[in-house]
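Q: following is a predicted model, sequence given first.
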Amino acid sequence: MKTTGISRRIDNLGRIVIPKEIRKSLKIRDGEMMEISIQDEQIILTKSTTMRGIKDIAKLCVDAINDTLDISMIITDRDRIIATSPSLRKKYLDTDLSVEMSEMLLKRDVIIENESKSLKINNYEEERASYLVQPIIADGDIVGSIIILGLDNKISDIDEKVASFISKFLMRNIL
């Protein structure tokens, strides 16, 4: 376990402020849910992500879409890539989203770029492709996204419908 050397006093309502530096390094946003657990004599705070519980379903969706429609797809939670088409797994699976991608998600808009452009999805790779970014919104909060890459062609109506369908399907299956 990593220690920070930072101590905080509990106020009369039982609250502790998590220092800004720690929140920033762990990408904890205002209003974000935290899971609280106890292990021996330690209180453990874990960043809660509703998408974590449906990672297996997301992988099955991506694989089925790839097998039937040959669509290159990535599914993310708010911070990480949780499922990808087989051809993209080595580059993207279980990596953090880039700052640019995170900012794109916070806008909560469907973004369609039909011209081949650079898209920095994680901190290591950049794709030159047409793309679609479909947010996944549950209970009014952005919880993730569907990214479709048109590596050889433009984004089609079918791509848009698939992204919308998968987004709604995952949103309804979030626990």
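A: Here it is on my side, so go on. Residues are numbered from 1 along each chain as shown.
Q: which parts of the longest helix seen in the chain are buried?
A: Under DSSP state H, the helix in the chain containing the largest number of residues is helix 157-173. Within helix 157-173, the residues that count as buried by 16 or more other Cβ atoms under 10 Å are 159, 162-163, 166-167, 170-171. Using the backbone N, CA and C atoms, a C-beta is placed for each residue, glycine as well.
Q: check stretch 86-98 too.
A: Residues 88, 92-93, 95, 97-98 are the ones in stretch 86-98 that count as buried (16+ other Cβ under 10 Å).
Q: ok, stretch 15-32 next?
A: The neighbour-count check on stretch 15-32 (16+ other Cβ under 10 Å) flags Ile28 as buried.
Q: distance from the chain centre to that stretch, please.
A: Put simply, stretch 15-32 sits 18 Å off its chain's centre (Cα atoms, centre = their mean, to the nearest Å).
Q: send the alpha carbons of that stretch over as PDB?
A: In PDB, the C-alpha atoms belonging to stretch 15-32 read as follows (Å, rounded to 0.1, in the frame of the first residue of the first chain):
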ATOM      1  CA  ARG A  15     -16.600  13.500   6.900                       C
ATOM      2  CA  ILE A  16     -13.000  13.500   5.600                       C
ATOM      3  CA  VAL A  17     -11.800  15.600   2.700                       C
ATOM      4  CA  ILE A  18      -9.800  13.600   0.100                       C
ATOM      5  CA  PRO A  19      -6.900  15.900  -0.900                       C
ATOM      6  CA  LYS A  20      -7.200  17.500  -4.400                       C
ATOM      7  CA  GLU A  21      -3.900  15.900  -5.500                       C
ATOM      8  CA  ILE A  22      -5.100  12.400  -4.700                       C
ATOM      9  CA  ARG A  23      -8.500  13.000  -6.400                       C
ATOM     10  CA  LYS A  24      -6.800  14.400  -9.500                       C
ATOM     11  CA  SER A  25      -4.300  11.500  -9.800                       C
ATOM     12  CA  LEU A  26      -7.100   8.900  -9.400                       C
ATOM     13  CA  LYS A  27      -9.500  10.900 -11.700                       C
ATOM     14  CA  ILE A  28     -12.100  11.200  -8.900                       C
ATOM     15  CA  ARG A  29     -14.700  13.800  -9.900                       C
ATOM     16  CA  ASP A  30     -17.000  15.900  -7.800                       C
ATOM     17  CA  GLY A  31     -20.200  13.900  -7.000                       C
ATOM     18  CA  GLU A  32     -18.600  10.600  -8.000                       C
END
